[in-house]
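*Asks:* sequence and predicted model, in that order:
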Amino acid sequence: AAGSGLWLAIWATSQPFLYWELMKEVCIRMPEVDFVFHGQIELKTGDARLECFNAMTSMPNVRFTGRVSRDVGAAAVNRYDVLLIPFVVNEAIHAVNPLKLWEYLATGKPVVSTPMDAVRVKDPLLIVATDSNEWVVAINRCLSGDAGEDWLVDSRIELADRFTWEDLTAMHAEVLRAHW
């Protein structure tokens, strides 16, 4: 990688949902930042996303680690400066409230994500960006230092602590009861 000391992590295990074109553009526009993608990538010949992946593998600031264990992944997250959730924006994604968001917030680190209607976390705890311009601005904002202020770190952790499996299950049960 480029060796900047600025590290951003993306968990590519959700690679069918990964917004490949967006991330390619962001990586091109931010050569001073190292982007690390964790997770097994399975793209077949003819898949339009394969072109983005191939282009990204040749960038000096992009690294694909392949599959990592949960323990290794959890330890790795703590060394990154910003955590990213670059999902394709479509109808299905708007219904998603990804577990990865809560894992990321629990670290206290800044998180940038594409918009998802099911996620009700607001700026500055979660920075939502739609296109590559907004992503570059959001990442730079996170790297500027303000996003690492103690009160923000503590607020992210406290928010994540309120979303336990029990809480999420209770919320889902409430939605199901309301529709039956």
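*Replies:* Everything's here; your move. The structure displayed is predicted, hence computed values, not measured ones. Numbers count the residues shown, from 1 in each chain.
*Asks:* which residues does the helix or strand of the chain with the lowest mean pLDDT contact?
*Replies:* The helix or strand of the chain with the poorest confidence is strand 7-11; it has a mean of 73 (mean pLDDT, DSSP states H and E). Strand 7-11 has contacts (Cβ atoms under 8 Å, 6 or more residues apart in numbering) with 18, 23, 33-39, 73, 76-77, 79-86, 100, 139. Heads up, the C-betas are built off the backbone N, CA and C, glycines and all.
*Asks:* point out where this protein drops to low pLDDT.
*Replies:* 1-6, 12-15 (pLDDT under 70).
*Asks:* tell me where it has strands.
*Replies:* Secondary structure of the chain (DSSP state E): strands at 7-11, 34-38, 62-66, 82-85, 111-113, 127-128.
*Asks:* nearest to residue 155, of those strands?
*Replies:* strand 111-113 (12.1 Å; Cβ to Cβ).
*Asks:* how close does residue 83 get to residue 136?
*Replies:* To residue 136, residue 83 is 16 Å away according to Cβ to Cβ, to the nearest Å.
*Asks:* ok, these two, which is more surrounded?
*Replies:* More crowded of residue 83 and residue 136, by other Cβ atoms under 10 Å: residue 83, with 23 against 16.
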